[in-house]
Structure formats: C-alpha cells, structure tokens
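> everything below, folded, please.
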Amino acid sequence: MAKIDYVCTKCGEPVLKDAWASWDTETQQWVLETVFDQAFCSNCDGETKAETKGIE
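Predicted coordinates:
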C-alpha cells in the first residue's frame with residue numbers, strides 16, 4: 001500500500017485537523033473518534049483545504 005500525506009492545497013505543507021478523542025479506561029490510551037473536514041495550515045496561518053500527496 002502506497003503511503004500518503006495530507007498537505008495544504010495552497011503551499012503544499014502538511015496540515016492540521018481538529019478531532020475528537022475519548023479515553024479508553026481498559027487500554028489507558030486516547031482513541032480517535034472523529035476527524036473533522038476542516039484543515040488548518042500553520043505555514044499559511046489559516047484555514048485551507050487538504051489534498052493527498054504520495055510519499056516515496
């Protein structure tokens with residue numbers, strides 16, 4: 001399976017996304033529940049759209 005990264009459509013840098021996680025008392029770890037559609041680019045300092053980019 002080819003690896004991908006999610007990057008900003010404006011500058012090509014990696015993006016951040018908001019998400020919800022819940023605490024699992026059995027495993028004592030955070031479990032990712034939901035990842036929201038909106039993306040944020042630290043390089044552009046604002047909201048952006050994310051696109052996939054292949055990683056070699």
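
> beta partners for I55?
Beta bridges link I55 to K3, judged by DSSP bridges.

> check contacts around C11.
C41, N43, C44 (C-beta atoms under 8 Å, 6 or more residues apart in numbering). Where you see a C-beta, it was placed from the backbone N, CA and C, and this is true even at glycine.

> out of those residues, grab the one that's most surrounded.
C41 (21 neighbours; other C-beta atoms under 10 Å).

> contact partners for that one?
Contacts of C41 by C-beta under 8 Å, 6+ apart are C8, K10, C11, E13, V15, L16, E47, T48.

> 10 Å - rerun?
Neighbouring residues of C41 by C-beta atoms under 10 Å, 6 or more residues apart in numbering: 7-16, 47-50.

> just the buried residues of those.
V7, C8, V15, T48, A50 (16 or more other C-beta atoms under 10 Å).

> so which of those residues are in strands?
Taking DSSP state E as the definition of strands, the buried ones among the contacts of C41 contribute V7, C8, T48, A50.

> list the contacts for the third one?
Put plainly, it is T48. Contacts for T48 were tallied using C-beta under 10 Å, 6+ apart; they are V7, C8, T9, K10, C11, E13, V15, L16, Q38, A39, F40, C41.

> partner strands of the longest strand seen in the chain, parallel or antiparallel?
What stands out as the longest strand in the chain, according to DSSP E, is strand 29-41. Neighbouring strands of strand 29-41 in its sheet, by DSSP bridges, are strand 16-24 (antiparallel), strand 46-48 (antiparallel).

> now it: mean pLDDT?
Mean per-residue pLDDT for strand 29-41: 97.

> next: stretch 49-56.
The model assigns stretch 49-56 a mean pLDDT of 94.

> so which bits of it are buried?
A50.

> tell me the buried residues in the longest strand of the chain?
A39, C41.

> re earlier: redo the buried ones among the contacts of C41 as CSV? Include distance to S22.
Formatted as CSV, these follow (distance: C-beta to C-beta, whole Å):
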residue, distance to S22
V7, 28
C8, 28
V15, 23
T48, 27
A50, 24
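
> lovely, talk soon.
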